[in-house]
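[1] Build the 3D model from these lines:
(2 chains)
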Amino acid sequence: MDKQEKFYVTTPIYYVTDAPHIGNTYPTVAADIIARWHRLRGEKVFFLTGTDEHGEKVQKAADAAKEEPKVFVDKISLRYKEAWKTLGISYDKFIRTTDPEHLDAVARFISKLVENGDVYKGQYEGWYCVPDESFFTELQLKDGKCPDCGREVKRVKEDSYFFKLSKYQDRLLELYDKNEDFLSPKLRRQEVINRVKGGLKDVSMTRTTVKWAVPFPGDKDHFVYVWVDALINYISALGWPDGTFKVFWPADVHIVGKEINWFHSVIWPAMLMSAGIELPAMIFAHGWWTSEGKKMSKSLGNFVDPVSLSSKYSVDAIRYFLMREMPFGEDGDFSEESLKARINGELVADLGNLVYRVLTLAEKFDGKFDGSADLEKHLDVVGIDESMDRLDYYGALEKIWAFIRSSNKYINDNKVWSLKGAEMSNALYNLLEACRICSILLYPFMPDTAQSIAQQLGVEMGTLKDCKFGAFTGKPKRGKMLFEKVLTK
RNA sequence: AGCGAGGUAGGGUAGCCUGGAGUGCCCGCCGGGCUCAUAACCCGGAGAUCGACGGUUCAAAUCCGUUCCUCGCUACCA
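    Down below sits the predicted model:
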């Protein structure tokens, strides 16, 4: 269980043209859980999230809101912070790409690429939709027209600085080959490798038309394209090249959405190679949610909002559901019916009921809780820890739930309610220890619930080291039910 | 089109790499048990020609080939 002493996890930084919704909540909750897990292991953890605030789309959104870009992004950035507070996100730093330190780091980073001869001036060619003021690649066009509005596009050329991505093809392939976990989950691995094998084109990294951006060092007509700016947040947040950068870099995992996997799995490591900076250990691309079976889209207005859901149900239920409904990395569907089914079936009937019945029995018993660890054989802490190493939250929860079910079964099989004396003491010892260990294992997923369990057991919240049967020293006192049953339909 | 993933009981999955009686898990359904517990918990049962065709083998969900279907990625959507 003793892995590295430090752990650095990041979420994508979220583009401020949208309010928080399930799409950005999902990786944020996932990062929060893995950060909390590593804290339970006793590691020094740095958990970074933030907002991506530059670019043309932000500029336009600010214009539409009749606000200065900075005023606009301040507002939205705050909404993210509020949402994360509601959802119990324990980030260590919230970076904004408009932070002065970040702007400075971007300029220095790019100068480094220039020094190393990986940046050259060329011409960017693309299709431009005048009314939308947007560039598109050949592939993005829909029947030769603007994919957004369907109007005519025109071929334009503009000066641009390029990053020599092509130069790093072999080194990238070597990286993927040597480090199997770099491209995670496995399902994404071959997809990226084959595309890289197919050849890499140098990428345009500046624009002259977008002014709401970081100035390009050494050429005042150019501004850094948002994706370059955004990627650098992972090191600028640490104060690269000094400060906590020295403690926490390289990142142990960058959690990203599959749509931005290319940038993180290919372009970002190439940029780091060019700058002579160590590479992150893992890029984990998660899947997407549909909403009630339909793709979430602005036109349908069907974005799932976990913040408002969390006031209707509970934060912990939402956090649990996000990790339990589908394996991290795959796609899945969000439906309120399914959420209710998991609350009633798993949180109420399995977990909540277990804790409640155990505490009822324990309160009635007058004596010490002592015995031999009969239930421990159903507990697979090592397996759970290994699942968490792979960010397999789904697998970890499956194992935790197997233990919860075994504990419920133990009560029935042994007719615990009818036991007396030493037999009762032994049974309650096992059950109370089971609940205590569950409180620890569940803590990263459902912090409030876990703390409530610990409190009702009358014990301090433990760490991963305490996930083994030992002496039960608590003073159980039943409190309120962990989860209330919700009405279906 | 290219590349990738997948098709296992009513739904969702594991098993496939390293062949060995369709073996497991969750939900749903039917029946039973129990009464500590939030109509909660526990047990049992029904339900699958493992997408289709062909091959290898004593033996195929598992290996090989073909085929049909679904989904994802393809360079700034979480």
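[2] what does the stretch 201-350 of chain A put close to RNA strand B?
    Contacts of the stretch 201-350 of chain A with RNA strand B, taken as Cβ under 7 Å from any atom of the strand, map to A:201, A:203-204, A:207, A:225-227, A:256-260, A:262-263, A:266, A:286, A:288-289, A:296, A:327, A:331, A:341, A:344-345, A:348-350. Where C-beta positions appear, they are placed from N, C-alpha and C, glycine not excepted.
[3] Tell me the spacing between the residue in the stretch 201-350 of chain A that RNA strand B sits nearest to and residue A:287.
    Of all residues in the stretch 201-350 of chain A, residue A:257 sits closest to RNA strand B, at 2.4 Å by Cβ to the nearest atom of the strand. When distance is defined by Cβ to Cβ, to the nearest Å, residue A:257 is 8 Å away from residue A:287.
[4] Residue A:38 too?
    Here the criterion is Cβ to Cβ. By it, residue A:38 lies 23 Å from residue A:287.
[5] hmm, back to that, buried ones among the residues of the stretch 201-350 of chain A next to RNA strand B?
    A:203-204, A:207, A:225-227, A:256-258, A:260, A:262-263, A:266, A:286, A:288-289, A:296, A:327, A:344, A:348, A:350 (16 or more other Cβ atoms under 10 Å).
[6] Out of those residues, list just those in helices.
    A:226, A:227, A:262 (DSSP state H).
[7] Would you format these as JSON lines with pLDDT and distance to residue A:362 included?
    JSON lines is the format used below for these (pLDDT from 0 to 100; distance: Cβ to Cβ, whole Å):
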{"residue": "A:226", "pLDDT": "86", "distance to residue A:362": "57"}
{"residue": "A:227", "pLDDT": "87", "distance to residue A:362": "56"}
{"residue": "A:262", "pLDDT": "90", "distance to residue A:362": "54"}
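[8] Confirm residue A:406 sits in a strand?
    No - read with DSSP: H, G, I helix; E, B strand; the rest coil, residue A:406 is helix and lies in no strand.
[9] That one is in contact with residue A:375, isn't it?
    Yes - between residue A:406 and residue A:375 there is a contact at 6.5 Å, judged by Cβ atoms under 8 Å.
[10] of those two, who's got more company?
    residue A:375 (20 against 15; other Cβ atoms under 10 Å).
[11] Secondary structure element for the closest residue to the more buried one other than its chain neighbours, which one?
    Spatial nearest neighbour of residue A:375, excluding adjacent residues (Cβ to Cβ, 6 or more residues apart in numbering): residue A:430 at 4.5 Å. Using DSSP states H and E, residue A:430 maps to helix A:421-442.
[12] quick one: average pLDDT of whichever helix or strand comes after that helix?
    Going down the chain from helix A:421-442, the next helix or strand is helix A:447-457, by DSSP H and E. Across helix A:447-457, the average pLDDT comes to 97.
[13] Next: stretch A:68-79.
    pLDDT averaged over stretch A:68-79 gives 91.
[14] Thanks a lot, see you next time.
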